[in-house]
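> With the input below, show me the fold.
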Amino acid sequence: TVTHTLPMLSLANAFTENEVREFDNRVKKLLGTSTVHYVMEPKIDGLAVELVYEHGEFVNGSTRGDGYVGEDITQNLRTIRTVPMRLFSHQNLAVPERLEVRGEVYMGKKEFKELNRKRELAGEPVFANPRNAAAGSLRQLDPRVTAQRKLRIFCYGSGQIVGFQPETHYQFLECLKRWGFNVNPHIRLCSDIEEVISFYGHLHGIRDELPYEIDGTVIKVNRLDYQERLGSVSRAPRWALAYKFEAYEETTVIKDI
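Here you go, the predicted model:
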């Protein structure tokens, strides 16, 4: 097991526009301001992990677990091509002494269908959805099996950072890209809650066109000093909210009892 330096908290959920506006009002009231910028991110339907780097070298990785303690899956994470083993250093952007990066490991829709097709032909049970397939693949005892599953990762947040202090969440995401991490291209900096709601509609509209599953969006207060002031309640931060999509619905037929 691996104990996270900072807890990997879960998010409070919202399913309606009214709940999102209530979140915005609550944030503004707690901060005592009328203007808050938000970062909107697609909520990838995968498995949350933490990657730890020391002086730019990947040293270990773990699952979210219960938010405080996760499983060590370092060797399996090394097989994922979009997990950098060594970070890029730039003249005006040094690599931190220690960097804990949070991300979501996922399996693409195409890769999921191909995996299930092979399992079906081999007489093995198929996975229910890409999330289960990604989770099962990451927990394999043999990293060679994980390597065959064509997993990928999008990075979206941080744990402990030593030797670097960004001012905003959006700035941190830009730094992640320059260090060599894979960051989702469908991320938007929004100047107010109206832009947030509008972008939610955009992501909902392109949901089926994406090559991976998303089950909603994540709204985050952009300024990190605001995030620190807002803090967290119970097991969820006050500065972030998962604005979920409605679940897919299918009709099933009972053929026999």
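
> Could you list the buried residues of stretch 61-68?
Buried residues in stretch 61-68, counting neighbours by 16 or more other Cβ atoms under 10 Å, are found at 61-65. All C-beta atoms are positioned from the backbone trio N, CA, C, and that covers glycine.

> That stretch - what's its average pLDDT?
Predicted confidence along stretch 61-68 averages 95 (mean pLDDT).

> circling back: and the buried residues of stretch 61-68 as a markdown table, adding secondary structure and distance to A134?
What follows is the buried residues of stretch 61-68, written out as a markdown table (DSSP: H, G, I helix; E, B strand; the rest coil; distance: Cβ to Cβ, whole Å):
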| residue | secondary structure | distance to A134 |
| --- | --- | --- |
| G61 | strand | 14 |
| S62 | strand | 15 |
| T63 | strand | 11 |
| R64 | coil | 13 |
| G65 | coil | 16 |
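
> For the closest residue to W179 other than its chain neighbours, give me its contacts.
With Cβ to Cβ, 6 or more residues apart in numbering as the criterion, W179 has its nearest non-adjacent residue at 4.4 Å, and that residue is L87. For L87, the contacting residues are 53, 56-57, 95, 99, 179-180, taking Cβ atoms under 8 Å, 6 or more residues apart in numbering as the criterion.

> one more time with 10 Å, if that's ok
The contact partners of L87, by Cβ atoms under 10 Å, 6 or more residues apart in numbering, come to 53, 55-58, 94-96, 99, 101, 176, 178-181.

> Please indicate which of those residues are buried?
The neighbour-count test (16+ other Cβ under 10 Å) marks 53, 56, 58, 95-96, 99, 101, 176, 179-181 as buried among the contacts of L87.

> now, which of those residues lie within strands?
Under the assignment DSSP state E, the buried ones among the contacts of L87 contribute 53, 58, 99, 101 to strands.

> Kindly indicate whether A48 is helix, strand or coil.
The three-state label given to A48 by DSSP: H, G, I helix; E, B strand; the rest coil is strand.

> Any figure for the gap between L87 and E228?
With the distance defined as Cβ to Cβ, to the nearest Å, L87 ends up 25 Å from E228.

> typed the wrong thing, it's F164
When Cβ to Cβ is applied, the distance between F164 and E228 equals 16 Å.

> Nearest to E22, out of the ones in strands among the buried ones among the contacts of L87: which one, please.
Nearest to E22 among these: V101, at 30.9 Å, using Cβ to Cβ.

> Tell me which stretches of the stretch 101-250 of the chain form strands.
Under the criterion DSSP state E, counting those that start in this stretch, strands of the stretch 101-250 of the chain are mapped to 152-162, 188-190, 214-221, 232-233, 236-237, 240-244.

> will you turn the ones you listed into JSON lines that also has mean neighbour count, distance to G46 and mean pLDDT?
Written out in JSON lines, the entries for those read as follows (neighbours: other Cβ atoms under 10 Å; distance: least, Cβ to Cβ, whole Å; pLDDT from 0 to 100):
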{"stretch": "strand 152-162", "mean neighbour count": "20", "distance to G46": "8", "mean pLDDT": "96"}
{"stretch": "strand 188-190", "mean neighbour count": "18", "distance to G46": "20", "mean pLDDT": "98"}
{"stretch": "strand 214-221", "mean neighbour count": "23", "distance to G46": "10", "mean pLDDT": "97"}
{"stretch": "strand 232-233", "mean neighbour count": "12", "distance to G46": "23", "mean pLDDT": "92"}
{"stretch": "strand 236-237", "mean neighbour count": "17", "distance to G46": "19", "mean pLDDT": "94"}
{"stretch": "strand 240-244", "mean neighbour count": "22", "distance to G46": "14", "mean pLDDT": "97"}
